[in-house]
Structures are given as structure tokens and as C-alpha cells.
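Asker: I would like the atomic coordinates for the input below:
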Amino acid sequence: MPEPDEIDKSVAKRESAELIERLRGLFEKSAFPVHVYLFTDPHKHSTFDRAAEAIFALFGKLTDKVVFQQYGLDSKQAQDWKVNRSPTILFEPDRYHIRFLGAPADEEGRTFVETMLLLGARQSGLSEQSKKLLGKIQEPREVRVFVTPSCPYCPQQAVNAAKAAIERPELISLEVVEMLANQDLAQRLSALSAPQTYANDRFIALGAQSEELFAASLVKLEEQTFVIPDVEAELLEVDLAIVGGGPAGLTAAVYGARSGLNVAVIEKGSLGGQVGLTPVVENYPGISRASGKVLVDLMVQHALQYAQIFQDEPVLDVKLGEKLEVITTRRRFVARAVLLATGATHRKLGIPGEERLSGRGVSYCALCDGQLFKGKEVLVVGGGNSAATDALYLYSVGAKVKIVHRRNALRAQDYLQQALDSSKIPFLLNCELREIQGKEGVERVVMENNQTYQQTVASAAGVFVSIGYDPNVDLAKKIGIALSDAGYVTHDHKHRTNLPAIYSAGDVEGGYNQIVTAAGRGAEAAISIFEDLTHPYWTKSKSEGS
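Answerer: Have a look, this model is predicted:
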């Protein structure tokens, strides 16, 4: 009877022979020859050089569909193709910009093989969704994927990048960096785990992604956690069309769909609205501290489980009738009900430094950011109820606060002004900010007395702009929805507007502009819509009228 070691060697040899035959069969199907070049250092001839040469020798015997050539780092070819590391492997360098730094051993052998097979077909093999995402790229992307030979997840991410470089060779270049052979590159970008991906030296992913998520991360130049499927249909029938993808709209989508409604969320810009631009959120129940983007990502991922989301798709009009027709820049939605969750936008001062230092000392939400300014000098700009409330809140968390107001008296209600007096919060009247200054954050402001025109410079670590909100009501106005004196959508306790089957929710209604209240209103509106679609109140009204 054979010894166990002999059996193991026999099995390994048979499996190796089967693998070689399988690979040979795959390469024979290649439609085009593939040229692969290996560059090594003839003077050092390191362990990595020798490993790469052994891999080349193996594949050279495997197929004649791949043309292997080797050069030294001191060759003209190395100079022409800007190769300065050893070993480096170039794939079809006259057509694509794909290189492997290191020896593609063990798990990275999969990357080596799959890349050559894709090049042999001269097709990326990407899904249509991924191709559409990459089609949005207008500027060059220099991609680096850091890998190790023992990482089973690395080939997936490296091949994602290779596919992208094959799909858009005019804009996307790729270096797959084997970290053991190129530790200095890994340390320079603090890439201490694999796979880790950078584009234009910006971190875009940790770990392996689906090809769609990789494509989205490459487009945005930051790590993405969800991809919204693209829908080609020019006409969709839904129960509920939600206009606006902020907390109110996304929450309404979850509640509406869970009630059994077919829901579509339509957002003209970035999902999450103002929340996505909030540096830190510390007052949302269940999440003690998170960036606004992280909170938005969680909401979007949740909503995507229930509803279709259509991003970057402005709504042009809503046609009234027995069924409502929502017209966007790309398609039409026929809906039984429409929810307007278009939100509101913070008014801005429009002065130098405001935009640049937004999120770095310039804030539009005292409740969100006030805790960060304990013991620091801050200014609240405004004279109404919101400004007074913000100043009192900042005072309560220990900030050294002053109010700056352009008029000669505050407009806040008496009880708020009394509270300001009791707290001894000073305010500067007939005063306007002209500039906000600072390098990495707010350091000082330039103020002007609008009576004497005298300018002064005052130190400050924060500027809280509290001059009101502008509700996004252009669409509401266009279709005839009644607005309040303050310009917000008017509605009843069930979030019904004056138009049958059209509802509102969130900041577009006015009131407290907080994430949690917007989400709550979205939930209320969705429940009302479900109940009304089951027993339409507008049909009842018509019957009673007749």
C-alpha cells in the first residue's frame, strides 16, 4: 500500500495537471494575442525577481496566445514605459495602462490569469451598470490596489480595477502593488492591510467590493457603501412618488413600502439633503456620534431595501388628474399619490470665507455642532427666534457666545430676549460680518457697523449662521399648493396639502429643522397616505358635494 505522503503527492500532481489543461483551454479561446513584459533588476536579481521569472517560464510553456518578454531596468523599454521598480509586469502597454509591481504568486496568480484572459478578449467583462458608472468619469484616475499573496480577497478587487482600466483606457491607469515587494509604497500611503485601494492618492476602499461599488467609489473618489441601480424605463407606475431624498423622504419610503405601497423616491441632487453636509451628528437617537454622510448612507441603504431611488433627476412638473403624473428630466411617473419632501436650505451670508470654512468653524446648526465649542468664543449671526435659541443653547453648553445682528433691535420673542438678558449674552447691533478668516478653521471675523461703516476684527473659533431657512417650494408653487406667510407648505395634521392626493413632510413644512423631526414627519405622512389610498378622502368629498 502507498504511503500517505506518496498519495498526497500523487493527488497534488494530478490536480496540477488538470489545472494546467484547464488554463490552456481558456487561453486557446482568446481572440487576440496578449503581450506581457517583465522587468527585473539584473544587478540585484532579488527573490521577487526570481519568483516572477519562474511564473513567466510556467506560462510561457502553457500557451502561445500570450507573448512573454523580459527586459532589465536599465533597458530602453524600461525608460520608454517609465518602469523603475523590480519586478514590474506590464500588460499590453501600447494599448492599456496596467502594471503589476511584484511577483503574482499564490492568490495573486488569479489576478495575473484573469487580467490576461480579459485582455485576450479585449473586453472588460463589466456589467452594464458598472459601465454606466465609469462613463461618468471625465478626469484621469490613477488607481493603486495594494495586495498580498496570501489574501484571498485581493484578486477580486485587483480584477475590478483591471476591468475598469480596460473599459476606460484613455482615463484609467492601474498599478497592482504587491505590498511585500513594495513596502515603501504601502508605508507612504499608510496601506497596512489588504486589499486597500487608492485613486489619485486618495483612499477609496478597504477590502474587496462588488464591481459596481468599486466603480462608484472610483467615480466619487471616496469609498461608497451603496449603488443605486440605473433604470432605463421612460414610464413607471407607482402608488407613491416621493419628491426629495432627505430624511423625511427616505423614512416615508420605508414606511410606505412596508405598508404595501409601490414607492419611488426622486431626488434632484445628493441624497440626504443638508444631513449629508453635516460634519458630525450627535443628536440622532441610537447613534451617539456619526458623520452626516454615514447617517445618510445608513438611511439610503435601508430605503433601497424597499423602494426604488432615482438620483440626480430633477422634477420638472406634476400634472394633476385622477392619477398624478410626475415629470422629471429623464422620465414620467404615474402615481396615486405624491409626497413633497423637498426640504429647506439654510440661508447663507454670502461673504468671503464662509463657503471655504463651512464645517470647519462655520456652522448652520447649533444643536448639531455646539458641543464642539465648549469654552471657545463663538458668534451667532441673526436676530430672530432661531438666533436667540441658538445663542442660548451655545451658552448652555459652555461656549462664550455673542450675537451679531444687522438691525438696531432683535426680532426674537420677548421671552427669548429676557432669557438672553438673564444669561448676560452680549449682542452687537447694527453690525454685519464682512469676512470670515482662518487657515484650517475659523480664527477671526471682520465686522462692520452699518451706521458708521467702521470695521473691526474680532477673534472667534466659530460662526453660527442663523438667519433663517428658504424652503424649497418652487415645485409646490408651480402646481398650486398653498403656502404660509413664511413661505412654507401649508398642511393639516395628516400632512395633506390643499391639493387632493398631494402631501408634504419634513423641513418644507417649517417648524423644527432637525433630522429626527423630519424623519418623524416622513413616517406620519406615509401612514396617512396608506390610509387615504385605502379610503380616498378626496373621493368622499366629491360624493358629499354631489
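
Asker: center of this protein - which residue?
Answerer: Centre of the chain computed as the mean C-alpha position; nearest residue by C-alpha atoms, centre = their mean is Q224, 5.5 Å away.

Asker: any idea how far that residue is from G125?
Answerer: Distance check for Q224 against G125: by C-beta to C-beta, to the nearest Å, it reads 21 Å. Yep, even glycine has a C-beta here, placed from its N, CA and C like the rest.

Asker: how about the secondary structure of the nearest residue to the residue nearest to the centre of the chain once chain neighbours are set aside?
Answerer: With C-beta to C-beta, 6 or more residues apart in numbering as the criterion, Q224 has its nearest non-adjacent residue at 4.1 Å, and that residue is A216. With DSSP: H, G, I helix; E, B strand; the rest coil as the basis, A216 sits in helix.

Asker: and A216, how many residues sit next to it?
Answerer: For A216, the count of nearby residues is 24 (other C-beta atoms under 10 Å).

Asker: use 818 as the first number from now on
Answerer: Taking 818 as the first residue, the last one we looked at is A1033.

Asker: wait, it sits on L950?
Answerer: Yes: using C-beta atoms under 8 Å, A1033 and L950 qualify as a contacting pair, with a distance of 5.6 Å.

Asker: who's in contact with the residue nearest to the centre of the chain?
Answerer: In this structure, Q1041 makes contact with 1030, 1033-1034, judged by C-beta atoms under 8 Å, 6 or more residues apart in numbering.

Asker: please enumerate the strands of the stretch 1218-1363 of the chain.
Answerer: Ranges of strands within the stretch 1218-1363 of the chain are 1244-1245, 1248-1254, 1261-1266, 1272-1276, 1279-1282, 1286-1288, 1319-1321, based on DSSP state E, counting those that start in this stretch.

Asker: now mean neighbour count too, for the ones you listed, in CSV please.
Answerer: Conversion of those to CSV gives the following (neighbours: other C-beta atoms under 10 Å):
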stretch, mean neighbour count
strand 1244-1245, 18
strand 1248-1254, 18
strand 1261-1266, 18
strand 1272-1276, 12
strand 1279-1282, 26
strand 1286-1288, 18
strand 1319-1321, 26
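
Asker: tell me which of these approaches Q886 most closely.
Answerer: Set against Q886 and scored by C-beta to C-beta, the strands of the stretch 1218-1363 of the chain come closest in strand 1248-1254, at 59.0 Å.

Asker: what packs against that closest one?
Answerer: Strand 1248-1254 is packed against strand 1217-1221, strand 1261-1266, with contacts defined by 3 or more C-beta pairs under 8 Å, 6 or more residues apart in numbering; DSSP states H and E.

Asker: alpha carbons of the helix or strand hosting L875, as PDB, please.
Answerer: Under the criterion DSSP states H and E, the helix or strand holding L875 is helix 864-879. Extracted C-alpha coordinates of helix 864-879, given in PDB (Å, rounded to 0.1, in the frame of the first residue of the first chain):
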ATOM      1  CA  THR A 864      13.900  36.700  -4.600                       C
ATOM      2  CA  PHE A 865      10.900  38.600  -6.100                       C
ATOM      3  CA  ASP A 866      12.600  38.800  -9.500                       C
ATOM      4  CA  ARG A 867      13.300  35.100  -9.500                       C
ATOM      5  CA  ALA A 868       9.700  34.300  -8.500                       C
ATOM      6  CA  ALA A 869       8.400  36.500 -11.300                       C
ATOM      7  CA  GLU A 870      10.700  34.800 -13.800                       C
ATOM      8  CA  ALA A 871       9.500  31.300 -12.700                       C
ATOM      9  CA  ILE A 872       5.900  32.400 -13.200                       C
ATOM     10  CA  PHE A 873       6.800  33.700 -16.700                       C
ATOM     11  CA  ALA A 874       8.500  30.400 -17.600                       C
ATOM     12  CA  LEU A 875       5.500  28.400 -16.500                       C
ATOM     13  CA  PHE A 876       3.000  30.400 -18.500                       C
ATOM     14  CA  GLY A 877       5.400  30.600 -21.500                       C
ATOM     15  CA  LYS A 878       5.100  26.800 -21.800                       C
ATOM     16  CA  LEU A 879       1.300  26.900 -21.200                       C
END
